[in-house]
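[1] sequence first, then the predicted structure:
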Amino acid sequence: MRSALVIPGGLLVVGGLAAVVWQYSMWLGDGHWYELPFSVAWAWTGAPFPEAGWPGIGKAVLWVCGQPLSIVLCVSGWILLFIGSAKSGGYS
């Protein structure tokens, strides 16, 4: 039986690829590349912006929020897929 992390991980990877497809289709339509950082998606959800008490963690959070949404989704999805497949004994 597969771990519960495999499906969310796969959905995150697909979401990251969908973000790139959307950016590419907009670029084909009007010739402008729309940057889509992770912070924009975070703000769109309405969730409060994460705050950290430690300065180093705060810098890391700001760095992640400045990265492209597609990369953040794909990397976090691959991490969940890796952990989920390792917990379930891999694919056979």
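    Cool, got the structure.
[2] can we go C-alpha only for contacts and neighbour counts from here?
    OK.
[3] skipping its backbone neighbours, what lies nearest Val72 in space?
    Closest residue in space to Val72, ignoring its immediate chain neighbours: Phe38 at 7.0 Å, by Cα to Cα, 6 or more residues apart in numbering.
[4] tell me which element the residue positioned nearest the centre of the chain is part of?
    For the chain, the residue nearest the mean C-alpha position is Leu73 (1.6 Å; Cα atoms, centre = their mean). Leu73 belongs to helix 69-87 when assigned by DSSP states H and E.
[5] contact partners of that helix?
    Contacts to helix 69-87, defined as Cα atoms under 8 Å, 6 or more residues apart in numbering, come from residues 2-20, 36-38, 41, 64, 91.
[6] returning to what we had before: find me the pLDDT at the residue nearest to Val72, would you?
    Looking at Phe38, its pLDDT stands at 95.
[7] ok, it touching Leu62?
    No - using Cα atoms under 8 Å, Phe38 and Leu62 do not qualify as a contacting pair, with a distance of 9.9 Å.
[8] which helices and strands sit right next to the helix or strand hosting Val40?
    For Val40, the enclosing helix or strand under DSSP H and E is helix 38-45. Under the contact criterion of 3 or more Cα pairs under 8 Å, 6 or more residues apart in numbering; DSSP states H and E, helix 38-45 touches helix 55-66, helix 69-87.
[9] to Gly46, which of those lies closest?
    Closest of the helices and strands packed on helix 38-45 to Gly46 is helix 55-66, at 14.6 Å (criterion: Cα to Cα).
[10] packing partners for that closest one?
    Here helix 55-66 touches helix 38-45, going by 3+ Cα pairs under 8 Å, 6+ apart.
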